[in-house]
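J.: Here is my input; please provide its structure:
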Amino acid sequence: MAGRESVLRPVSSHSTEDRMNHELNQKTVQSLKEKSAVPAGLATTVGLDAFVDEIIRVVDHRESVSQYRAMERIQQIGTRIIEASGQSTNLELVVDRIKLGGNGPIMANALAALGTDVTCIGPLGDNGIHPAFAEIAERANLVSLGPPAHTDALEFDDGKLMLGKLEPLAVIDWEHLQKTIGDEGIRKYFSSPSLLALVNWTMIPAMSAIWLELLSLYELGGKAPGMLFFDLADPEKHSDKAVAAACELLSRFQKFGPTILGLNEKEAYRVGRSLGYDGGAYSREDLHSVTAYISNALPVETVVVHPRAYAVTASRGTVTGDVDGPFTEVPKISTGAGDHFNAGFCLGKLLSLPDDQALTVATGTSGYYVRNAESPSLAQLTEFLAEQ
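T.: Alright, predicted model coming up:
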């Protein structure tokens, strides 16, 4: 399962809002310059999923052996499928690239590019690291739990369809972690880092049980990480009861360190509903409301929500940040943008930036990535924000 989209909307260059964002960008740039040496001293652990992603375009019209027009909108493939009901149809898929995937590896790769000392734990390869993870292997310490899962990511200009093959994730549980990395590895990677990010609860069946084991470890006096980050990763297939239970469980980590729950817009309303939220949906005001509601319902340090157009934070029932970000009409890539957002936000929080500046780092990291199809270094991110 690759990361989710966080492509951001434009703001009129003549608006007060735009001038305010420009000023915020410059403040954030100054903060990053002042703290440019800090990330190298920040140890981060990210896990526990890993996928090999095939980024795929769906052919709308084939014009020649080498020329075709791809479907631009998800509605096009939906219409094609619906029209095939009771008959049949053929969909041609063109693989654009094969790359590392999974919320964990993409977020870890982004954090490593930004300069932190990263360990990525997940099913990164059997009998050696899979070639898809060669890029991150040059930047981070990789700890493999077995062969990777696989995603066919059908990309469109307005989103993507993620078709996942998840069998390798089914074996990841506490016993498997103990067998693979041992008690010493668990203490090293899950207790000592500045940041522990545990992502993709949705696709790892034993993730809640792993959380319980970690809570027991910390409650028995084990050292806890400096900061914790959780991303449920589109829990649509789970019941409200299961989602609420997962949220309650992850909120218990706040006792041991500042805890962040990261959500995209769809996930925010899903989590809000599971916790009893009864408000509207999909306006900016509504998003403020549901983000504040979740942060009031869960005793975590920060809830951060990133729609395509902007990003919002809340703490203890109060909205603490609302930031627009850069936008590009035709991104080079959108798969993984949300994970880059999460990496940028976590870095901002690790650098003790206020929420609006942490959001600016997050939207800038995502914005750079979708334009260039690569993770920015801290210097590249700083230059990119200075130009906005």
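J.: How about the lengthiest strand in the chain, which residues are buried there?
T.: Secondary structure of the chain read by DSSP state E shows that its longest strand is strand 51-62. Along strand 51-62, these residues count as buried under the neighbour rule (16 or more other C-beta atoms under 10 Å): Phe51, Val52, Asp53, Glu54, Ile55, Ile56, Arg57, Val58, Asp60. Every C-beta, even on glycine, is put in place using the N, C-alpha and C of the backbone.
J.: Turn those residues into CSV, including pLDDT and distance to Gly115.
T.: Putting the buried residues of strand 51-62 into CSV (pLDDT from 0 to 100; distance: C-beta to C-beta, whole Å) gives the following:
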residue, pLDDT, distance to Gly115
Phe51, 96, 25
Val52, 96, 26
Asp53, 92, 24
Glu54, 93, 30
Ile55, 91, 26
Ile56, 95, 32
Arg57, 96, 33
Val58, 97, 37
Asp60, 97, 42
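J.: from those, which is closest to Gln178?
T.: Nearest to Gln178 among the buried residues of strand 51-62, counting by C-beta to C-beta, is Phe51 at 23.6 Å.
J.: Spatially nearest residue to that closest one, not counting backbone neighbours?
T.: Gly101 (3.6 Å; C-beta to C-beta, 6 or more residues apart in numbering).
J.: separation between the one you found and Ser192?
T.: 27 Å (C-beta to C-beta, to the nearest Å).
J.: which one of the two has more residues nearby?
T.: The neighbour count for Gly101 versus Ser192, taken as other C-beta atoms under 10 Å, is higher for Gly101 (30 against 14).
J.: so that one touches Thr335, yeah?
T.: Yes - at 7.5 Å, Gly101 and Thr335 qualify as touching, with contact defined as C-beta atoms under 8 Å.
J.: quick one: contacts for the residue nearest to Phe51?
T.: Met1, Ala2, Ala50, Phe51, Val52, Asp53, Ala132, Pro148, Thr151, Ala153, Thr335, Gly336 (C-beta atoms under 8 Å, 6 or more residues apart in numbering).
J.: ditto for Asp173
T.: Pro205, Ala206, Ala209, Ile210.
J.: Now Lys349. Nearest residue, chain neighbours left out?
T.: Ala358 (5.3 Å).
J.: Could you point out the helix or strand that follows the helix or strand harbouring the one you found?
T.: Element membership for Ala358 (DSSP states H and E) is helix 355-372. Counting by DSSP H and E, the next helix or strand C-terminal to helix 355-372 is helix 378-386.
J.: who touches that following helix?
T.: Around helix 378-386, the neighbours that count as contacts under C-beta under 8 Å, 6+ apart are 25-26, 28-29, 32-33, 36, 39, 114-115, 326, 344, 360-361, 364-365, 367-368, 376.
J.: Can you tell me which residue sits nearest the middle of the chain?
T.: Geometric centre of the chain, nearest residue: Asp339, 2.6 Å, by C-alpha atoms, centre = their mean.
J.: I'd assumed Ala110 was in contact with that one.
T.: Yes - Asp339 is within contact range of Ala110, at 6.5 Å (criterion: C-beta under 8 Å).
J.: List every C-alpha atom in stretch 27-38, with coordinates, as CSV.
T.: Taking C-alpha atoms only, stretch 27-38 is exported to CSV below (Å, rounded to 0.1, in the frame of the first residue of the first chain):
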residue,chain,number,x,y,z
LYS,A,27,9.5,32.3,8.9
THR,A,28,9.7,28.6,8.3
VAL,A,29,12.7,28.9,6.0
GLN,A,30,14.5,30.9,8.7
SER,A,31,13.6,28.3,11.3
LEU,A,32,14.9,25.5,9.0
LYS,A,33,18.2,27.4,8.4
GLU,A,34,18.7,27.8,12.1
LYS,A,35,18.1,24.1,12.8
SER,A,36,19.8,22.7,9.7
ALA,A,37,22.3,20.7,11.7
VAL,A,38,19.7,19.2,14.0
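J.: Could I get the buried residue list for that stretch?
T.: Lys27, Thr28, Val29, Ser31, Leu32, Lys35, Val38.
J.: Could you take those residues and lay them out as JSON lines, with extra columns for pLDDT?
T.: As requested, these are arranged in JSON lines below (pLDDT from 0 to 100):
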{"residue": "Lys27", "pLDDT": "97"}
{"residue": "Thr28", "pLDDT": "98"}
{"residue": "Val29", "pLDDT": "98"}
{"residue": "Ser31", "pLDDT": "98"}
{"residue": "Leu32", "pLDDT": "98"}
{"residue": "Lys35", "pLDDT": "96"}
{"residue": "Val38", "pLDDT": "95"}
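J.: Counting only helices, which of those make the cut?
T.: Lys27, Thr28, Val29, Ser31, Leu32 (DSSP state H).
J.: how close does the fourth one sit to His340?
T.: Which is Ser31. For Ser31, the distance to His340 - C-beta to C-beta - is 19 Å.
J.: Show me the helices in the stretch 51-200 of the chain, by range?
T.: Here the stretch 51-200 of the chain has its helices, by DSSP state H, counting those that start in this stretch, at 74-83, 103-113, 134-137, 174-191.
J.: right, and these - which one's nearest Asp286?
T.: Taking the helices of the stretch 51-200 of the chain one by one with C-beta to C-beta, helix 74-83 is closest: 22.6 Å.
J.: which stretches of the stretch 251-388 of the chain form strands?
T.: For the stretch 251-388 of the chain, the strands defined by DSSP state E, counting those that start in this stretch cover 259-264, 302-306, 310-315, 318-324.
J.: And for the third one, what's in contact with it?
T.: By C-beta under 8 Å, 6+ apart, the surrounding residues in contact with strand 310-315 are 6, 8-9, 284, 287-288, 291-292, 294-295, 301-306, 319-325, 341, 345, 355, 358-359, 362-363.
J.: State the mean pLDDT of it.
T.: For strand 310-315, the mean per-residue pLDDT is 97.
J.: which element follows the worst-scoring helix or strand of the chain on mean pLDDT toward the C-terminus?
T.: Ranked by mean pLDDT, DSSP states H and E, the weakest helix or strand in the chain is helix 16-34, scoring a mean of 83. Using DSSP H and E, the helix or strand that follows helix 16-34 towards the C-terminus is strand 43-47.
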